[in-house]
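# sequence-free structure coming up:
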């Protein structure tokens, strides 16, 4: 299904996308970043926080480590400000890149078993599917944030994977 190169590419793609989102969120007034815009996690910051929390959850599962705790609903309050989120997001993106850079082909094979708070039960799925989900989940919510920013008149940047600058491929 996938391999380490796929993971390396999408870890860098996420970092590239999150970099411009950080710039936009940190530049806007706190009221605008936290205004309920009708999205599943309410605001831009709430959605950004949820993605950060979910990335922490999934990476912990994939590494066999302890997760960040909290619930999906609580995830929207993870970081109180855009600046706090920006610092935590940059750290998480660096962790994802290091994780992806160190992956061996065998580490995307086999199954992953975990307790899912969302499902309320133990779940077992192929590791490759879980990795694809982690990256896809972040991309989907970044699309929501892109739409919220665009609707509020904020200039956004390209989101197409093929437009990722070459320097981000080696970031």
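Done, it's in. No experiment lies behind these values; they were computed from the predicted model shown.
# which residues are in contact with the nearest residue to residue 65 once chain neighbours are set aside?
For residue 65, ignoring the flanking residues on the chain, the nearest one in space by Cβ to Cβ, 6 or more residues apart in numbering is residue 59 at 7.8 Å. For the C-beta atoms, the positions are set from N, CA and C on the backbone; glycine is no exception. Neighbouring residues of residue 59 by Cβ atoms under 8 Å, 6 or more residues apart in numbering: 65, 92, 95, 96, 99, 134.
# how far away is the fourth one from residue 55?
From residue 96 across to residue 55, the span is 7 Å (Cβ to Cβ, to the nearest Å).
# need the pLDDT of residue 82.
At residue 82, the model reports a pLDDT of 97.
# quick check: it vs residue 95, distance?
The gap separating residue 82 from residue 95 is 20 Å, by Cβ to Cβ.
# what's the helix or strand for the residue nearest to residue 65?
In this assignment (DSSP states H and E), residue 59 forms part of helix 44-63.
# check which element follows that helix along the chain.
helix 82-101.
# quick one: mean pLDDT for stretch 97-108?
When pLDDT is averaged over stretch 97-108, the result is 97.
# straight-line length of it, end to end?
Stretch 97-108 has an end-to-end distance of 15 Å (Cα to Cα, to the nearest Å).
# circling back: neighbour count winner among residue 82 and residue 95?
Neighbours were counted for residue 82 and for residue 95 using other Cβ atoms under 10 Å; residue 82 has more, 26 against 15.
# identify the residues contacting that one.
By Cβ under 8 Å, 6+ apart, the contact set of residue 82 is 22, 25, 26, 28, 30, 33, 45, 48.
# which two among those are spaced furthest apart?
Farthest apart among those by Cβ to Cβ are 22 and 30. That separation is 14.8 Å.
# any idea how far the least confident helix or strand in the chain by mean pLDDT is from the middle of the chain?
Taking mean pLDDT, DSSP states H and E as the measure, helix 166-169 is the helix or strand of the chain with the lowest mean score, a mean of 78. Relative to the centre of its chain, helix 166-169 is centred 19 Å away, using Cα atoms, centre = their mean, to the nearest Å.
# try stretch 133-142
The answer for stretch 133-142 is 6 Å, by Cα atoms, centre = their mean.
# list the buried residues in that stretch.
134, 135, 137, 138, 139, 141, 142 (16 or more other Cβ atoms under 10 Å).
# again, but for stretch 16-31
16, 17, 18, 19, 20, 21, 22, 24, 25, 28.
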